[in-house]
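A.B. asks: Below are the sequence and a predicted model for it; my questions follow.
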Amino acid sequence: RMRQHQENANKLVTLLAEHDAVDTVYHPSLPSHPGHEIAKEQQTGFGAMLSLELKGGEDQVVAFINALEHFSLAESLGGTESLVCHPSTMTHAAMDAEAQAKAGISATLMRFSVGIEDGDELAEDVKQALDSLL
C-alpha cells in the first residue's frame, strides 16, 4: 500500500513543482526540502504527505479546493483515500494569525494526504483544478 501512496505522491510533486499557479511545494523528495538529505538516508521512500502554497490568495485556495473532484476536504492523515486540508481554517484555526505565521501556516498553505486511487486520475484532477486558477 505504501508503494502506491508514494508513487501517487511523486506524480503530484512533479506536477505541482512545475505548475505556474504554485508558489512552493513541500515534500522531502525535493532537494530544496530541509529534511531531504536525512530522509534520503533514513527512509526507503518519501511518503505520501505533501503541502503546497499557491501564488494567489485565499480566494484561489477556495477555488482550487472546490475544483477538485477526487480529493475530499478533511482533517485526517494516513488513510487510503486522497484528502486535502486547509490548515489555517481547519487544523490550526484555533491559533491566532501571529501563532500561525510563526508555525509556518500561511493562508495559501494546503496539505495533501495522497491515497491509493489511480495516480494518473489524481494528477489530472489536481492539474485541472490548478489550470482553472490561471
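C.D. replies: Happy to help now that I have it.

A.B. asks: where along the protein do the strands fall?
C.D. replies: When secondary structure is read from DSSP state E, the chain shows strands at 22-26, 49-54, 72-73, 83-85, 109-113.

A.B. asks: want to throw those strands into CSV with mean neighbour count and distance to Ala9?
C.D. replies: Quick note: C-beta positions are derived from backbone N, CA and C, even for glycine. As requested, the strands of the chain are exported to CSV (neighbours: other C-beta atoms under 10 Å; distance: least, C-beta to C-beta, whole Å):
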stretch, mean neighbour count, distance to Ala9
strand 22-26, 18, 11
strand 49-54, 20, 6
strand 72-73, 14, 16
strand 83-85, 21, 12
strand 109-113, 22, 8
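
A.B. asks: where does this protein have its least confident helix or strand?
C.D. replies: helix 36-42 (a mean of 88; mean pLDDT, DSSP states H and E).

A.B. asks: I'd like the distance from it to the chain centre, please.
C.D. replies: Counting by C-alpha atoms, centre = their mean, to the nearest Å, helix 36-42 is centred 20 Å from the centre of its parent chain.

A.B. asks: now the strands of the chain in TSV, with distance to Glu7 and mean pLDDT?
C.D. replies: Converted to TSV, those look like this (distance: least, C-beta to C-beta, whole Å; pLDDT from 0 to 100):
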stretch	distance to Glu7	mean pLDDT
strand 22-26	17	97
strand 49-54	13	96
strand 72-73	20	96
strand 83-85	17	97
strand 109-113	14	97
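
A.B. asks: wait, which of those is closest to Leu133?
C.D. replies: With C-beta to C-beta as the criterion, Leu133 lies closest to strand 49-54 of those, at 7.2 Å.

A.B. asks: Buried residues in stretch 81-101, which are they?
C.D. replies: Within stretch 81-101, the residues scored as buried using 16 or more other C-beta atoms under 10 Å are Ser82, Leu83, Val84, Cys85, His86, Pro87, Ser88, Gln100.

A.B. asks: my bad, should have said stretch 6-20
C.D. replies: Buried residues in stretch 6-20, counted by 16+ other C-beta under 10 Å: Gln6, Asn8, Ala9, Asn10, Lys11, Leu12, Val13, Leu15, Leu16, His19.

A.B. asks: who's in contact with the residue lying closest to the second one once chain neighbours are set aside?
C.D. replies: When the adjacent residues along the chain are set aside, Asn8 lies closest to Gly119, with 4.0 Å between them (C-beta to C-beta, 6 or more residues apart in numbering). Shown here is Gly119, whose contacts under the criterion C-beta atoms under 8 Å, 6 or more residues apart in numbering are Gln4, Glu7, Asn8, Lys11.
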